[in-house]
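Trainee: Got a sequence here, can you build the structure:
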Amino acid sequence: MSINYERISDLIYRLNQAEQIKEIVNEQIRGLISDLVKEYSVITNELLAKIARHSKVEAIKLYRDREGCNLKEAMEAIGRMVSK
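Mentor: Numbers count the residues shown, from 1 in each chain. From the prediction side, this is the model:
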C-alpha cells in the first residue's frame, strides 16, 4: 500500500483552514457576547451558563466583573452553572 502524500497534504491544508474558521467564529461569538453584555447591564446566572457553553473564558470574565471575586472562585462558579 503506497502513501498518498498529495492527499495527506490536502487534508492538512483543510484542517488548518477549519481551525482558522473556528477561530474566526469564536471571535465573532465573543464580540456578540460583549455587545449583549453592554446592552444588558444585568448578567443573570442563567445567561452566564449559556455564555459559558460557548466560551467559558468570557463567562468567567463576566462573573469576576459582576461578583468582584478571584479567578478560582469564578471558575468554580461557572463550572457549577454549566454542570446544572
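Trainee: Give the next helix or strand downstream of the longest helix along the chain.
Mentor: Using DSSP state H to define each element, the chain has its longest helix at helix 5-39. For helix 5-39, the following helix or strand on the C-terminal side (DSSP states H and E) is helix 45-54.
Trainee: any idea of the mean pLDDT in the longest helix of the chain?
Mentor: Helix 5-39 shows a mean pLDDT of 86.
Trainee: Tell me how far the most centrally placed residue in the chain lies from Glu27.
Mentor: Centroid-nearest residue in the chain, with C-alpha atoms, centre = their mean: Ser55, separated by 2.1 Å. According to C-beta to C-beta, to the nearest Å, Ser55 and Glu27 sit 10 Å apart. In short, each C-beta sits where N, CA and C put it, glycine included.
Trainee: what's the answer for Arg64, then?
Mentor: Taken as C-beta to C-beta, the span from Arg64 to Glu27 is 21 Å.
Trainee: out of those two, which sits in the busier spot?
Mentor: The residue with more neighbours, out of Arg64 and Glu27, is Arg64; 17 against 10, by other C-beta atoms under 10 Å.
Trainee: so who does the more buried one touch?
Mentor: Counting by C-beta atoms under 8 Å, 6 or more residues apart in numbering, Arg64 makes contact with Asn70, Leu71, Ala74.
Trainee: Can you get me a residue count around Ala74?
Mentor: 22.
Trainee: Any buried residues in whichever strand or helix holds it, and which?
Mentor: Secondary structure from DSSP H and E places Ala74 in helix 71-83. For helix 71-83, a neighbour-count test (16 or more other C-beta atoms under 10 Å) marks Ala74, Met75, Ala77, Ile78, Met81 as buried.
Trainee: Please tell me how far the closest residue to the last one other than its chain neighbours sits from Glu27.
Mentor: Excluding its sequence neighbours, the residue lying closest to Met81 (C-beta to C-beta, 6 or more residues apart in numbering) is Ala49, at 4.0 Å. As defined by C-beta to C-beta, Ala49 lies at a distance of 22 Å from Glu27.
Trainee: One more: Ser2?
Mentor: Applying C-beta to C-beta to Ser2 and Glu27 gives a distance of 41 Å.
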